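>>> my questions are about this predicted structure, shown below with the sequence.
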Amino acid sequence: MAKFGKWVGLGLGWALGGPIGGILGLAVGSIFDSGKSEITGQARSVRTRTLRGDYAASLLVLIAAVMKADGRIMKSELDYVKRYFVTRFGEDTASEAVVMLRDILKQEIPLRDVTNQLSQQLDYSYRLEMLHFLFGIASADGSVSDAENRVINRISGYMSISDSDFQSIRAMFVSQTDAAYKILEIEPTTEDEDVKKGYRRMAMKYHPDKVSHLGEDFKKVAHEKFRKVQEAYDQIKKERGLN
């Protein structure tokens, strides 16, 4: 298959009919027009429709929106994206993703339209992973800027992610005095017994087995969130002297 052909086969699927497809289509077209690739009949024919591919392709659009938020495109952010795609899709696809991302960054992104499409097509577990990744890329340069936080907040709202889940995932990346409580979706005034209940609730929500049907990629991310929940609970137990 020609270089970038896999993005047509793997990642456009349902996106071809919506705003995400329009953005990706321009990016792929730009790559082909510039002579970086050749189209084969197999690349032109879009028959494969995988949710994993839809997720990967549409994530590039959200990545671009966050990277453009503060007006700076950092090498640390591009490196973070490539590491993520290498882990989940392999070296070749990761390299292609970075090239596509550079073209997407040149476009205006209709954020509400894009995220509405994602909200309709991807289940909640996929959307939570997207949120987790976007905070990861925003913090790749050492901190999450106000502009980046605002864009991710908008994305979260448009994708119908609850405010408590947004605050929980944000607290995993943004340093704040009550971060441990936000991760467990409880208040600093919560009684000890309810702290334990909050921990059990969040441990169940982010347990890797919850997303085992989505594949090993998602189990790895769930492990990371699960670890953050455990660390938050351990911190609160230590502060309160709980057993």
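On my side now, so go ahead. Residues are numbered from 1 along each chain as shown.
>>> quick check: next helix or strand after the worst-scoring helix or strand of the chain on mean pLDDT?
The helix or strand of the chain with the poorest confidence is helix 41-44; it has a mean of 37 (mean pLDDT, DSSP states H and E). Going down the chain from helix 41-44, the next helix or strand is helix 51-69, by DSSP states H and E.
>>> buried ones in that next one?
Residues of helix 51-69 classed as buried by neighbour count (16 or more other CB atoms under 10 Å): 52-69. The C-beta positions use only the backbone N, C-alpha and C, and glycine is treated the same way.
>>> in contact with the closest residue to residue 154 other than its chain neighbours, which residues are there?
Spatial nearest neighbour of residue 154, excluding adjacent residues (CB to CB, 6 or more residues apart in numbering): residue 111 at 6.3 Å. Contacts for residue 111 (CB atoms under 8 Å, 6 or more residues apart in numbering) come out as 65, 151, 154, 155, 158.
>>> any chance of these in TSV, with pLDDT too?
Listed next are these as TSV, based on pLDDT from 0 to 100:
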residue	pLDDT
65	93
151	95
154	95
155	95
158	93
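>>> among those, name the buried ones.
The buried subset of these (16+ other CB under 10 Å) comprises 65, 151, 155, 158.
>>> quick one, what contacts the closest residue to the first one other than its chain neighbours?
Closest residue in space to residue 65, ignoring its immediate chain neighbours: residue 109 at 4.9 Å, by CB to CB, 6+ apart. The contact partners of residue 109, by CB under 8 Å, 6+ apart, come to 23, 61, 64, 65, 68.
>>> got the contact list for the first one?
Read that as residue 23. 61, 104, 107, 109, 114.
>>> what about the helices in the chain?
Assigned by DSSP state H, the chain shows helices spanning 5-11, 19-33, 41-44, 51-69, 75-89, 91-104, 111-121, 124-138, 146-158, 163-171, 179-183, 192-205, 216-240.
>>> comparing the ones you listed, which yields the minimum mean pLDDT?
The weakest mean pLDDT among these belongs to helix 41-44, with a mean of 37.
>>> I'd like to know how far residue 162 sits from residue 126.
With distances taken as CB to CB, to the nearest Å, residue 162 is found 15 Å from residue 126.
>>> can you get me a residue count around residue 188?
Counted by other CB atoms under 10 Å, the residues lying close to residue 188 total 12.
>>> phi, psi for residue 176 please.
For residue 176, the backbone dihedrals (degrees, to the nearest 10) come out as phi -160, psi 160.
>>> what count of nearby residues applies to the nearest residue to it once chain neighbours are set aside?
In space, and not counting its chain neighbours, residue 176 is closest to residue 182: 7.2 Å by CB to CB, 6+ apart. The number of residues packed near residue 182 is 22, by other CB under 10 Å.
>>> with residue 139 instead?
Count around residue 139 with other CB under 10 Å applied: 19.
>>> how about residue 176?
Close neighbours of residue 176, defined as other CB under 10 Å, add up to 11.
>>> quick one: it and residue 183 touch, right?
No: the pair residue 176 / residue 183 is not scored as a contact, 10.4 Å apart, by CB atoms under 8 Å.
>>> of the contacts of residue 111, closest to residue 193?
Distance to residue 193, by CB to CB, is smallest for residue 155 among these, at 35.3 Å.
>>> for the closest one, give its distance to residue 207.
25 Å.
>>> what's the answer for residue 128, then?
Residue 128 is 13 Å from residue 207, where distance means CB to CB.
>>> let me see the domain layout of the protein.
What automatic domain parsing lists as the domains of the chain is 5-171, 176-243.
>>> deepest of the ones you listed, which one?
domain 5-171 (a mean of 18; mean count of other CB atoms under 10 Å).
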